[in-house]
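Participant: Mind folding the following:
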Amino acid sequence: MTKISVVMKCLDGAETIAEALQSLAEQRAPFAWEVILADNGSTDGTREIFADWARQHPQIPARLVDASAHRGKSNALNIGIRAAASDHLVFLDADDTLAPGYLVAMEAALASEDFVASRLDIWGLNPGWMSKIRKNRQIEGLSVLSHAPHCTHAGGATLGFHRRVFEAVGGFDPRMTCLEDTDFCIRAHQAGFRLTSVPEAVYRYRYRSTPRAIQAQAAEYAEARALLRQRYADPVPFLTPGRWLRLFGGLAGLGASSAKHKLLRRTRSPEAEAAHRRRLGRATGDLRASLRLRVAPAPDHSSPVGRILAAPFLRLYQKIENVLRGSIVSVRTKDRLMALTFDDGPDPETTPRVLDALAEARAKATFFVIGERAARYPDLLARIAAEGHEIGNHTWDHPSLPTLPPGRITDQIARTKSRLAPLGQALMRPPYGDQTRKVQSVARKLGYAVVLWSISSGDWRGEDGATVSARIAEAARPGAIVLMHDALYTYEAETARDRSPTVEAVTRLADLLPDYRFVTVSNLIASGSPVRIARYKTTDAADLAALHPASREPAPDPGMQRLG
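Facilitator: Next up, the predicted model:
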């Protein structure tokens, strides 16, 4: 019985396929496996090389299937998979190789997991300078998609999966000329399959090395990424000035660099030339695809010259964005007022202690509460309101909102709003500070102002109350909004559940800041004008996964990124 099938897609791979096949011949596995070559219409002798290899290695079942009727990598993969005898499927491109033990490691992983990916080796088949310009997270783990649904994905032919994953997803999308594997990973994630890393399996990946090929591939990838953004990312208006300014600024910088080298008759090093061609390919490919698909360009185009050219326009756009979509982070006021805010409660053990400390300090605060906890502890909610504190919406069960589809974002906020009524109708804080324009839009439609913070207490780090209060006091400014926690929703460790440092910090603040008065966020806003900043951020999917059940929460403050 065939335990695992290796599917190779190929079009004119005669130059390298012998090396790929040799790495297969060197695999030693205590089970039966086969090789399927899905040939996409080769005319360079690829078929003959494969047939000759099969004759030399009769112990390895090898079959060639004709996938020339419809050109394209996805079609070839789909045909090869359907022809495979095993339900366990792994892959090999004709210009790459497998490290010894690859099949054994992948089969061991597939014995317990539906969907896996190997580790990448980018050094074995590439010149040394190439690895310096290519950053690939799959060397140590898995990459995480930078936009919705923010799932893990794997590149190249490093995937391995059960046939049921293929059938549930519907195969590779023939409309994807490249990044068909990323698209497959996204759809598998949406179907409920979670990608698992197999570090013991090492896939040796070969990059394109000529300047023209590097630029062409970068452009092709940029166009595919634009299609992925159109399909899956949170909608960003096509005419988003910041994106276009970065793109045109990047193109201007690349053009200026090319002109300078041509004028001065300078020759770049292979490493510098490859990096320049990659940036140029990404920018031109993204421009073509953005115009064709009517999507905003990618957010990561940049160059020194481009930054200088785009800076004044970006500053203007930032100001407009802050006004239109900014979250409240502080308040402009001459009065020495601050707002203490507490997230993730109410909790029957810790919230009463925080309330007692606030009463002792004669302070009022804003509690951003979890809906399902409010439903469990209505008496605590009533006490918070009765003692003059403010209640805000912190979603139903603390997800990272940008990772959810629009309907579930609305449900998380609206369900909590209904449970808190008539309280908690004005202010909302997204968990982890994670939000996109879509999250902002949903919150506003439901009548909420989004509130973040200007001072992060760091009271989830396990430090004592003196350290936490000193951090707040050092950063104190009139109109500041302070992030604290009367509970930690995702924490499992006993040390994290202990809110004694937070309680102690509240008590100490009255002595450290005797000339300040602590008020609710709404009262703080009434004392001046709110400072709004457009902050868009999504916590890394790996960090989110680690929180369930985890003992540490990623710091919600430093990683915020403006203008998405």
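Participant: Pass me the low-pLDDT residue ranges in the stretch 401-550 of the chain, would you?
Facilitator: Within the stretch 401-550 of the chain, the ranges that satisfy pLDDT under 70 run 491-496, 540-550.
Participant: just the helices in it please.
Facilitator: Under the criterion DSSP state H, counting those that start in this stretch, the stretch 401-550 of the chain contains helices at 406-420, 437-445, 465-475, 494-497, 500-512, 521-526, 541-546.
Participant: so which of these gets nearest V331?
Facilitator: helix 521-526 (4.9 Å; CB to CB). Heads up, the C-betas are built off the backbone N, CA and C, glycines and all.
Participant: Give the buried residues for the closest one.
Facilitator: The neighbour-count check on helix 521-526 (16 or more other CB atoms under 10 Å) flags 521-525 as buried.
Participant: and what of stretch 54-65?
Facilitator: In stretch 54-65, counting by 16+ other CB under 10 Å, buried: 54, 60, 62-65.
Participant: and those, which of them are in helices?
Facilitator: A54 (DSSP state H).
Participant: In this structure P211 contacts A274, no?
Facilitator: Yes. Here P211 reaches A274: they are 6.7 Å apart, a contact under CB atoms under 8 Å.
Participant: give the contact list for A339.
Facilitator: Applying CB atoms under 8 Å, 6 or more residues apart in numbering to A339 gives the contacts 331, 365-366, 480-482, 518-521, 523-524.
Participant: returning to that earlier point: neighbour count: P211 and A274, which is higher?
Facilitator: A274 (26 against 17; other CB atoms under 10 Å).
Participant: Show the pLDDT at that one.
Facilitator: In this model, A274 is scored at 88, pLDDT.
Participant: show me the residues around it that make contact.
Facilitator: Counting by CB under 8 Å, 6+ apart, A274 has contacts 129-130, 133, 209, 211, 214.
Participant: Past the helix or strand harbouring it, which element shows up next along the chain?
Facilitator: Using DSSP states H and E, A274 falls within helix 270-293. Going down the chain from helix 270-293, the next helix or strand is helix 304-325, by DSSP H and E.
Participant: Which neighbouring elements make contact with that following helix?
Facilitator: For helix 304-325, the elements it packs on are helix 241-264, strand 529-533, judged by 3 or more CB pairs under 8 Å, 6 or more residues apart in numbering; DSSP states H and E.
Participant: Which secondary structure elements does the first one sit against?
Facilitator: The helices and strands touching helix 241-264, judged by 3+ CB pairs under 8 Å, 6+ apart, are helix 270-293, helix 304-325.
Participant: And the ones you listed, which one averages the lowest pLDDT?
Facilitator: Across those, helix 304-325 gives the lowest mean pLDDT, at a mean of 74.
Participant: Any idea how far it is from the middle of the chain?
Facilitator: 24 Å (CA atoms, centre = their mean, to the nearest Å).
Participant: what's the angle from it to strand 529-533?
Facilitator: Going by axes from the mean of the first three to the mean of the last three CA atoms, to 10 degrees, helix 304-325 is angled at 140 degrees with respect to strand 529-533.
Participant: in the helix or strand just after helix 304-325, what counts as buried?
Facilitator: Next in sequence after helix 304-325, counting helices and strands by DSSP H and E, comes strand 327-332. Neighbour-count burial for strand 327-332 flags 327-331 (criterion: 16+ other CB under 10 Å).
Participant: Can you name the residues bridging to T2?
Facilitator: A32 (DSSP bridges).
Participant: And the pLDDT at it?
Facilitator: 88.
Participant: just checking, it touches A83?
Facilitator: No. T2 is not in contact with A83 according to CB under 8 Å; the separation is 12.0 Å.
Participant: So for those two, which sits in the more crowded spot?
Facilitator: The neighbour count for T2 versus A83, taken as other CB under 10 Å, is higher for A83 (18 against 14).
Participant: so how many other residues sit close to V451?
Facilitator: 28.
Participant: show me the contacts for it.
Facilitator: Applying CB under 8 Å, 6+ apart, the residues near V451 are 327-328, 341, 366, 368, 392, 427-429, 481, 521.
Participant: measure it to Q440 for me?
Facilitator: For V451, the distance to Q440 (CB to CB, to the nearest Å) stands at 12 Å.
Participant: any residues in contact with both of these two?
Facilitator: Common neighbours of V451 and Q440 (CB under 8 Å, 6+ apart) are S327.
Participant: list the buried ones in the helix holding A274?
Facilitator: In helix 270-293, counting by 16+ other CB under 10 Å, buried: 273-287, 289-290.
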